[in-house]
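1. Structure, please.
(2 chains)
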Amino acid sequence: MSAPLIVRARWGEGYRLVSSTLTTPAIPTSPSASGAPLLRVRDLRTWFPIKKGVFQRTVGHVKAVDGVSFDVHAGKTLGLVGESGCGKTTVGRTILRLIPATGGEVIFKGQDFYKYRGAELRRLRRHMQIIFQDPVSSLNPRMTVGNIIGEPLTVHGIATGTERDDRVASLLHRVGLDPAYASRYPHEFSGGQRQRIGIARAIALSPDFIVCDEPVSALDVSIQSQVLNLLDDIQKELGIAYLFIAHNLAVVEHFSDEIAVMYLGRIVEKASSVELYANPKHPYTMALLSAIPEPDPRPRKRRIVLSGEVPSPSNPPTGCPFHPRCHVTRDAARQANANETVELTIGGRSERVLAKCVNECPPLEQKQGETGHVAACWVTQ
Amino acid sequence: MAPPPIPRPVAAARPLLELRDLNIAFETSRGLVRPVQDVSYSIYPGQTLAVVGESGCGKSVTALSILRLIPSPPGKVLGGQILFEGRDLLSLSEREMQSVRGRDIAMIFQEPMTSLNPVYTIGDQIAEAVMLHQKVSARQGYEIAEQAMKDVGIADPGRRLHEYPHQMSGGMRQRVMIAMALSCKPKLLIADEPTTALDVTIQAQILELLRKLQRETGMAMLLITHDLGVVAENADAVAVMYASRVVEYATVEQIFDRPQHPYTEGLLKSVPKLGAHAQRLVSIPGMVPNPSNFPGGCKFHTRCPRTRELAARANPAETVEVRSGDETFRVMARCTARTAGPVAYARGHAQLSAGAGPVGNVDPATGGGATAGEPELREVSGGHWARCHYAENFEKSPVTRPDLANKREVTPEAVASAELGEVTL
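-> Okay, here's the model as predicted:
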């Protein structure tokens, strides 16, 4: 219809050149060809500026997400695990454009998701949804449950009036709640029930992809298993792909086909869930696995207790971000020649670690084991 | 497979803390709510007792009432005793109680940010605790505070003394709380979900720190948690609470190997285990009941898989129909407050329908006694108590005081021989 329009869009603190024609690419209505992933994330970066002083000058950046890449296939679950401050929630929101990306690509069903604007964007948004962590703050307390679940149907013009009410009732039933609850308000429900309402809202539009941002962390143990089973059933029934974000590795491992472990804004290991548990390659993954307390009083496994705190993403360590806490580099330094090691003062103590770990950041590369099992470590094979 | 050696049981000394039939109530505009009913358990010196349960079961209210931290209107002690070294804490004056709090019994809470005063430095807060309980000058108080911080592994304590809580991470603040709690070398530490708000690697550090401090000082710990993994790795004895009552009480091995109560079984089955790759998690249907609306009879019967299984195989005369929302199922009559006729409950909730009879033969003045249909806590096998009509041997089991006299007394030697390969960096 017209010549390409070059638009400078401001994303966060960086500028990204966005060119678009006035006719944006057609939104695909059918799933991409088999084999091609539903979602491809390439080198995603989300940096938040740190501003100081009277003039609010940018003095640095919090690199919440710093070069994350992965694929999610239709109907499968990718687990994203890491501790607070590692950037996993930011990844989920950046993919959905709830937070603008500073760099990188999000390709959904073969199309660049960041190219869309306006009504076109809204049309694509119905294929991706999110379930939030906090069942209390994620539901508008002034809307009835029926309106909360029905809102997506209205916004996208899918259904109105009695048809909308019918669909809301069937969604409530699907998530295990009495359809009569549609006229109630969120405060009348327990945490587990509110999370079910959040799930009903997310599946209202039958999306292809849902970001589950710590959906069960705030729930009691017996309710967690109910909600996880519900998510599992829905996935099998509707063929939805999940990005399952959590810090509880046992829950993630149970639920995911593939798992990516994040530390300080980067993926440090990625493998199928069976392989990750059986054969962890990155020292941080090993520490995470061994830190999880197991509900069995007898076998005492060899435990790796990490020292120190997670460093701040505005001031990450040089080289490999994990080196200040890494037991593998310390073990390797004991075996290596003196000129290959470096002495560091951490927390008041002197330690020797491998120089390479301090100077260069290891790339994510294939390790011995299953194809597709990658980890970012200079030492482990 | 032989289990690792368990330290030899030591002859029962007197328990350090003993709760006997504690009953707490809150007066609300809707009537009396009873979040703690007939709770009894005991802790011996050096022992770690884990109290496990989900939100609303009464475990935190029980712990707060040990230190008499429940505000008196609306809270009320309806009956029972809290014996600390033989003295009933409920009979002490507030002044006497103040010398117990912090010095003999200390407590750490779940949310370190809200338990630390944001406008005072860390040093001020720890020193305050020290100076309240020990006759020392301010300078000495700060020195003790610095030492306490070093003991809990805070690097560069001299500088940290002058920092404020908001300048520290969650794990660090929790260490500060522990330093404050331990600064007066208490005999008992009550830890109310101390690691729930923390990341898993920080949780491992904090729990290891608590275990180390226990070994060094011989302190006992009341650990309140809903995480069974934390229980398995840290507790000697476990009390499982559901809906205001203790439903099971035994050593940690017994609880995990041979749980007698269906709620404990359900909890154990619904936790995803690392490496198990189960297809589907077993879950307990329904929800935890609201304390203002407990079901009649056994408080767990509306969600209990055991009673349903038994009712499916039993003589219909012994069963009762229950309607919950749009679900109808049969349960054993003995588990309910009625012996005949259908019982209807709102979906997911356990509410008494009209005509289902009174809550039970409870005297509101003293609050004692199980309600009609509710099982008592009986010793179903040596050192193992359960509250279920259909636990093994329940009929013939005596009602004894829950007290793990054969508990392991944790001495440094015993622990050293049982601990394996902890690598700390």
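
2. hey, where'd the strands end up in the stretch 151-300 of chain A?
-> A:209-213, A:241-246, A:258-263, A:266-272 (DSSP state E, counting those that start in this stretch).

3. Distance to chain B and mean pLDDT added to those strands, as CSV?
-> Backbone N, C-alpha and C define where each C-beta goes, glycine included. Below are those laid out as CSV (distance: least, Cβ to the nearest Cβ, whole Å; pLDDT from 0 to 100):
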stretch, distance to chain B, mean pLDDT
strand A:209-213, 15, 95
strand A:241-246, 11, 94
strand A:258-263, 11, 94
strand A:266-272, 11, 94
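
4. Same list, the ones you listed, but as JSON lines with mean neighbour count please.
-> What follows is those, written out as JSON lines (neighbours: other Cβ atoms under 10 Å in any protein chain shown):
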{"stretch": "strand A:209-213", "mean neighbour count": "25"}
{"stretch": "strand A:241-246", "mean neighbour count": "25"}
{"stretch": "strand A:258-263", "mean neighbour count": "25"}
{"stretch": "strand A:266-272", "mean neighbour count": "25"}
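
5. So which residues on the stretch 101-250 of chain A come close to chain B?
-> A:178, A:190-193, A:220-226, A:228-229, A:232, A:247-250 (Cβ under 8 Å from any Cβ of the partner chain).

6. In CSV, list the C-alpha atoms belonging to stretch A:218-236.
-> Provided in CSV are the C-alpha atoms of stretch A:218-236 (Å, rounded to 0.1, in the frame of the first residue of the first chain):
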residue,chain,number,x,y,z
ALA,A,218,2.2,-18.1,46.9
LEU,A,219,0.0,-21.2,47.5
ASP,A,220,-0.1,-23.9,50.2
VAL,A,221,1.4,-27.2,49.4
SER,A,222,-1.8,-29.1,48.9
ILE,A,223,-3.3,-26.4,46.8
GLN,A,224,-0.1,-26.2,44.7
SER,A,225,-0.5,-29.7,43.5
GLN,A,226,-4.2,-29.1,42.6
VAL,A,227,-3.2,-26.0,40.5
LEU,A,228,-0.3,-27.8,38.8
ASN,A,229,-2.6,-30.6,37.8
LEU,A,230,-5.1,-28.2,36.4
LEU,A,231,-2.4,-26.4,34.3
ASP,A,232,-1.3,-29.8,33.1
ASP,A,233,-4.8,-30.8,32.1
ILE,A,234,-5.4,-27.6,30.3
GLN,A,235,-2.1,-28.0,28.4
LYS,A,236,-3.1,-31.4,27.2
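
7. what's the burial count for residue 153?
-> With no chain named, the answer covers chain A. Residues lying near residue A:153 (other Cβ atoms under 10 Å in any protein chain shown) number 21.

8. could you do chain B instead?
-> When neighbours are counted by other Cβ under 10 Å, residue B:153 comes out with 19.

9. what's the pLDDT at it?
-> At residue B:153, the pLDDT value in this model is 81.

10. So it sits against residue B:209, correct?
-> Yes - using Cβ atoms under 8 Å, residue B:153 is in contact with residue B:209, at 6.1 Å.

11. got a list of what residue A:243 touches?
-> A:39, A:72, A:77-78, A:80, A:91-92, A:95, A:209-212 (Cβ atoms under 8 Å, 6 or more residues apart in numbering or on different chains).

12. number of nearby residues for the residue lying closest to residue A:45 once chain neighbours are set aside?
-> For residue A:45, ignoring the flanking residues on the chain, the nearest one in space by Cβ to Cβ, 6 or more residues apart in numbering or on different chains is residue A:103 at 3.9 Å. By other Cβ under 10 Å, 17 other residues sit near residue A:103.

13. ok, now how distant is the residue of the stretch 51-200 of chain A found nearest chain B from residue A:160?
-> The nearest approach of the stretch 51-200 of chain A to chain B comes at residue A:83, 3.8 Å away (Cβ to the nearest Cβ). For residue A:83, the distance to residue A:160 (Cβ to Cβ, to the nearest Å) stands at 44 Å.

14. what pLDDT does the residue of chain B found nearest chain A get?
-> For chain B and chain A, the shortest gap (Cβ to the nearest Cβ) falls at residue B:229, measuring 3.2 Å. With respect to pLDDT, residue B:229 scores 88.

15. name the helices or strands packed onto the host helix or strand of it?
-> Under the criterion of DSSP states H and E, residue B:229 resides in helix B:228-234. On a contact count with 3 or more Cβ pairs under 8 Å, 6 or more residues apart in numbering or on different chains; DSSP states H and E, helix B:228-234 meets strand B:48-52, helix B:200-217, strand B:220-225, helix B:252-257.

16. which residues sit against the shortest one?
-> In other words, strand B:48-52. Contacts of strand B:48-52 (Cβ under 8 Å, 6+ apart): B:41-43, B:59, B:62-63, B:214, B:220-226, B:228, B:230-231, B:234-241, B:252, B:267, B:410.

17. next one: the last one
-> Around helix B:252-257, the neighbours that count as contacts under Cβ under 8 Å, 6+ apart are A:295-298, B:3, B:6, B:50, B:231-232, B:235-238, B:240, B:248, B:264, B:268, B:383-384.

18. measure stretch B:322-329 end to end?
-> Stretch B:322-329 has an end-to-end distance of 5 Å (criterion: Cα to Cα, to the nearest Å).

19. what mean pLDDT does it have?
-> Stretch B:322-329 comes out at a mean pLDDT of 74.

20. quick one: low-confidence ranges for chain B?
-> B:1-12, B:277-279, B:324-326, B:338-371, B:405-425 (pLDDT under 70).

21. Which parts of it are helices?
-> B:59-66, B:94-100, B:112-115, B:122-133, B:138-151, B:157-160, B:170-182, B:200-217, B:228-234, B:252-257, B:262-270, B:305-313, B:412-418 (DSSP state H).

22. Can you lay out those helices as CSV showing mean neighbour count?
-> Output for the helices of chain B, formatted as CSV (neighbours: other Cβ under 10 Å):
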stretch, mean neighbour count
helix B:59-66, 23
helix B:94-100, 12
helix B:112-115, 16
helix B:122-133, 21
helix B:138-151, 18
helix B:157-160, 16
helix B:170-182, 24
helix B:200-217, 20
helix B:228-234, 23
helix B:252-257, 20
helix B:262-270, 22
helix B:305-313, 18
helix B:412-418, 13
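
23. Find the centremost residue of chain B, please.
-> residue B:51 (2.2 Å; Cα atoms, centre = their mean).

24. what's around residue B:31, how many residues?
-> 11.

25. again, but for the one 4 residues further on
-> When counting by other Cβ under 10 Å, one arrives at 24 neighbours for residue B:35.

26. What distance do you get for it to residue A:258?
-> Residue B:35 is 44 Å from residue A:258, by Cβ to Cβ.

27. how long is stretch B:88-104 end to end?
-> 14 Å.

28. Mind listing residues that contact that stretch?
-> Contacts of stretch B:88-104 (Cβ under 8 Å, 6+ apart): B:66-68, B:77, B:80-85, B:107, B:129, B:132-133, B:181, B:184, B:186-188.

29. which of these are buried?
-> Listed as buried from the contacts of stretch B:88-104 are B:66-68, B:77, B:80-84, B:107, B:129, B:133, B:181, B:184, B:186-188; burial here means 16 or more other Cβ atoms under 10 Å in any protein chain shown.

30. can you narrow these to ones near chain A?
-> Counting by Cβ under 8 Å from any Cβ, no member of the buried ones among the contacts of stretch B:88-104 reaches chain A.

31. Perfect, I'm done here.
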